[in-house]
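*Asks:* here is a sequence with its predicted model. Questions after.
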Amino acid sequence: MRSSMLVVMVVLGCAFALTVRADEATGRRGIVATVHPLATEAALAAFSAGGNAIDAAAAAGATLGVVDGFNSGLGGGCFILIHTAAGESLVLDGRETAPAAATAGLFVRDGKADTGASQTGPLAVGVPGALAAYAEAVRRFGRLPLSAALAPGARIAGDGFVIDAGYARKIAAKADDLRRFPASSELFFTSDGSPLAVGDRLVQPDLAASYARIAADGPDWFYRGPFAQAVGEWMAAHGGILTAADFAAYRVVERAPLATPYRRWTVLGSPPPSSGGVHVAQILRMLEGHDLAAAGGTAVREHLLAESMKLAFADRAHWLGDPAFAPVPRGLVDPAYCRALAARIDPDRAAPVTGPGVPPGADAEFFSAGRHTTHFSAADAEGNWVACTATINTHFGSKVIVPGTGIILNNEMDDFSVQPGVPNAFGLVGGAANAVAPGKRPLSSMSPTIVLEDGRPILALGGAGGPTIISQTVQNIVRILDLGQTPGEALVGARIHHQWRPDRLVVEPGISADVRAMLTARGHVLQDDAVIGVSQIVARRPDGTFVGASDPRVDGKAAGW
């Protein structure tokens with residue numbers, strides 16, 4: 001059963017208004033929300049075949065690698081946050097890793113950072129972890145074999161699907177880089193050299209064959225067999241450093257979720273090397289001292305959000321990295337430290353943030369190294385919940401497809417701090433904690449999140465869009481928990497984003513003129529952006545039924561079972 005709300009957003013730079021739809025779906029036995037209808041249908045097929053929410057999420061993720069391949073796929077990585085029917089919560093870290101031959105100066109030429117090399121081509125690629133994470137998830141917690149998760153994607157890749165306006169725009173925008181690599185050029189351009197356009201059918205026979213081989217032979221085909229060998233040979237011939245041995249060495253890391261009390265709820269998030277869990281927790285704790293439903297109006301609430309984001313991102317730039325390589329202080333989410341950060345916020349004025357804070361235990365207590373992106377969420381009536389964020393980084397990743405494989409390889413090496421103070425593709429700066437090192441996992445903003453009430457999950461959410469993932473997730477939590485909105489209402493609302501550097505408050509068109517004026521009067525420098533990320537949400541109502549919502553900024557789909 002479905003309901004829809006309509007809202008009009010003015011898209012900057014266009015002479016027309018775009019009507020978008022916040023799609024909500026309900027279900028009693030299960031729920032799923034993804035950015036593409038075909039991926040949502042694959043998840044429903046997993047439910048129908050006897051699978052649970054973990055099987056549904058794996059099917060959605062594998063299918064998104066076919067129909068949303070410019071954002072995610074088996075050539076990238078993911079973080080999977082799971083809460084099982086038995087009450088266990090864990091994170092499967094499928095983040096990419098740097099090749100063994102990587103060095104801190106890998107992208108420095110004559111003393112200057114070469115971000116072109118970190119963003120496009122062979123050196124930009126880290127060892128993919130998404131497949132290993134999906135396989136681990138279904139092996140341990142699913143009911144269906146991995147081959148079942150891969151089957152819808154394999155079929156769609158072989159048969160083809162019609163690309164929409166968004167996909168066509170992304171091909172056109174990255175056309176020059178895609179043309180540099182023969183297999184990518186062959187896939188995304190017509191025989192006369194034109195990029196595929198709206199209504200064209202994208203058929204991916206090599207990708208279909210790769211899915212079929214993985215289904216038959218398991219992940220070893222990818223990590224210790226023909227795929228790893230093909231990638232290693234291509235890299236050696238084209239100036240890359242990624243080897244078959246790097247693939248064989250890859251391991252999924254199980255981590256304990258970061259659990260943060262927020263009012264009467266508990267917010268579960270992913271710990272480092274994801275910065276999402278830490279900074280979602282930081283921002284929420286800074287906001288906890290305010291009645292956000294009565295904070296003096298929308299402008300005051302947006303001001304408090306922006307100032308909290310700014311402080312959190314300043315900490316991110318200095319402290320965050322892979323905990324196996326850098327000491328990431330646990331004190332970043334200490335309640336007293338977050339209250340001290342909140343005390344720096346002037347409710348009437350935007351304050352300059354010159355650098356990070358110093359959390360308690362900054363030299364003693366650290367997170368354990370231990371146990372452009374898409375997000376999808378799923379839940380079932382047995383009590384299994386999944387929030388998964390997956391990515392190959394920027395659109396089409398490194399732009400590299402090794403001939404014969406069909407798999408687009410990531411450019412996650414750009415998520416390292418390639419040189420202190422040099423921004424990456426998303427404008428984020430970083431320091432030594434996130435420097436390149438062999439076997440290291442680059443810092444991420446991915447924020448898969450599950451919210452518990454009285455120990456039971458009521459909400460699974462996350463987003464896509466680089467650093468805006470953190471700000472989206474916080475705003476959606478606030479809108480649902482503090483303002484009492486439905487998932488669909490939360491997603492329709494206009495968003496803001498501040499990441500400390502550059503010192504700009506990014507706003508969507510739906511922010512009203514009055515709120516803009518009040519924010520400007522408080523000292524914020526506003527920057528317009530037509531879209532601040534894409535989120536997917538599933539929730540459980542008090543009567544036990546599920547509701548899911550797909551972000552109206554894309555043509556996704558939520559569906560109940």
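*Replies:* Yep, it's here. Numbers count the residues shown, from 1 in each chain.

*Asks:* same question for stretch 510-527: list its buried residues.
*Replies:* 511, 515, 516, 518, 519, 522, 524 (16 or more other CB atoms under 10 Å). Any C-beta I mention is one placed from the backbone N, CA and C, and that applies to glycine too.

*Asks:* can you lay out those residues as JSON lines showing secondary structure and pLDDT?
*Replies:* Shown next, in JSON lines, are those (DSSP: H, G, I helix; E, B strand; the rest coil; pLDDT from 0 to 100):
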{"residue": "511", "secondary structure": "coil", "pLDDT": "96"}
{"residue": "515", "secondary structure": "helix", "pLDDT": "96"}
{"residue": "516", "secondary structure": "helix", "pLDDT": "97"}
{"residue": "518", "secondary structure": "helix", "pLDDT": "97"}
{"residue": "519", "secondary structure": "helix", "pLDDT": "97"}
{"residue": "522", "secondary structure": "coil", "pLDDT": "97"}
{"residue": "524", "secondary structure": "coil", "pLDDT": "98"}
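
*Asks:* tell me the mean pLDDT over stretch 349-363?
*Replies:* The predicted model assigns stretch 349-363 a mean pLDDT of 94.

*Asks:* with stretch 318-331 instead?
*Replies:* So the average pLDDT for stretch 318-331 ends up being 96.

*Asks:* just stretch 434-447 next, same as before
*Replies:* Mean predicted lDDT for stretch 434-447 stands at 97.

*Asks:* go on, stretch 70-87?
*Replies:* 98.

*Asks:* got the buried residues for that stretch?
*Replies:* So for stretch 70-87, counting by 16+ other CB under 10 Å, buried means 70-84.

*Asks:* closest one of those residues to residue 311?
*Replies:* Checking these against residue 311 by CB to CB gives residue 79 as the nearest, at 23.6 Å.

*Asks:* number of nearby residues for the closest residue to residue 73 other than its chain neighbours?
*Replies:* In space, residue 73 comes closest to residue 65 once its chain neighbours are excluded; the distance is 3.2 Å by CB to CB, 6 or more residues apart in numbering. Using other CB atoms under 10 Å, residue 65 is surrounded by 32 other residues.

*Asks:* three-state assignment of residue 65?
*Replies:* Under DSSP: H, G, I helix; E, B strand; the rest coil, residue 65 falls in the helix class.

*Asks:* and residue 82, by the same measure?
*Replies:* From three-state DSSP, the assignment for residue 82 is strand.

*Asks:* that one pairs with what?
*Replies:* Under DSSP bridges, the beta-bridge partners of residue 82 are residue 90, residue 386.

*Asks:* and it, what does it touch?
*Replies:* For residue 82, the contact set (CB atoms under 8 Å, 6 or more residues apart in numbering) comprises 54, 88, 89, 90, 91, 92, 137, 141, 384, 385, 386.

*Asks:* neighbour-wise, which of those leads?
*Replies:* residue 386 leads the contacts of residue 82 on contacts (other CB under 10 Å) with 32 neighbours.

*Asks:* how close does that one sit to residue 137?
*Replies:* Distance from residue 386 to residue 137, counting by CB to CB, to the nearest Å: 8 Å.

*Asks:* what about the helices in the stretch 301-450 of the chain?
*Replies:* Using DSSP state H, counting those that start in this stretch, the helices of the stretch 301-450 of the chain run over residues 335-343.

*Asks:* where do the strands sit along it?
*Replies:* Counting by DSSP state E, counting those that start in this stretch, the stretch 301-450 of the chain has strands at residues 374-380, 385-391, 449-453.

*Asks:* got CSV for these, with distance to residue 406 too?
*Replies:* Listed next are the strands of the stretch 301-450 of the chain as CSV, based on distance: least, CB to CB, whole Å:
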stretch, distance to residue 406
strand 374-380, 18
strand 385-391, 17
strand 449-453, 32
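
*Asks:* nearest to residue 282, out of those strands?
*Replies:* Nearest of those (CB to CB): strand 449-453, 13.4 Å.

*Asks:* what's the angle from that closest one to strand 374-380?
*Replies:* For strand 449-453 against strand 374-380, the angle by axes from the mean of the first three to the mean of the last three CA atoms, to 10 degrees is 30 degrees.

*Asks:* can you tell me which of the strands of the stretch 301-450 of the chain is nearest to residue 545?
*Replies:* strand 374-380 (11.0 Å).

*Asks:* sorry, back to before: the residue nearest to residue 73 and residue 47: what is the separation?
*Replies:* 20 Å.

*Asks:* what number of residues lie near the closest residue to residue 420 other than its chain neighbours?
*Replies:* Spatial nearest neighbour of residue 420, excluding adjacent residues (CB to CB, 6+ apart): residue 431 at 5.2 Å. Here the number of neighbours of residue 431 (other CB under 10 Å) works out to 16.

*Asks:* looking at the chain, which helix or strand is least sure?
*Replies:* Using mean pLDDT, DSSP states H and E, strand 2-10 stands out as the lowest-scoring helix or strand of the chain, at a mean of 33.

*Asks:* please tell me how far stretch 476-494 is from the chain's geometric centre.
*Replies:* Offset of stretch 476-494 from its chain centre (CA atoms, centre = their mean, to the nearest Å): 19 Å.

*Asks:* actually stretch 427-439, sorry about that
*Replies:* 18 Å.

*Asks:* repeat that for stretch 424-436.
*Replies:* That offset, for stretch 424-436, works out to 17 Å (CA atoms, centre = their mean).

*Asks:* need the CA coordinates for it. PDB is fine.
*Replies:* This file holds the C-alpha atoms of stretch 424-436, laid out as PDB (Å, rounded to 0.1, in the frame of the first residue of the first chain):
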ATOM      1  CA  ASN A 424      39.600  15.800  -1.900                       C
ATOM      2  CA  ALA A 425      36.900  15.600  -4.600                       C
ATOM      3  CA  PHE A 426      34.300  16.500  -1.900                       C
ATOM      4  CA  GLY A 427      36.300  19.500  -0.600                       C
ATOM      5  CA  LEU A 428      37.200  17.700   2.600                       C
ATOM      6  CA  VAL A 429      40.600  18.300   4.100                       C
ATOM      7  CA  GLY A 430      42.500  15.900   6.300                       C
ATOM      8  CA  GLY A 431      45.700  15.400   8.200                       C
ATOM      9  CA  ALA A 432      48.200  12.700   9.200                       C
ATOM     10  CA  ALA A 433      45.600  10.400  10.700                       C
ATOM     11  CA  ASN A 434      44.200   9.800   7.200                       C
ATOM     12  CA  ALA A 435      47.500   9.700   5.300                       C
ATOM     13  CA  VAL A 436      48.000   7.000   2.600                       C
END
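
*Asks:* so which bits of it are buried?
*Replies:* Quick answer for stretch 424-436 (16+ other CB under 10 Å): 424, 425, 426, 428, 429, 430, 431, 433, 434, 435, 436.
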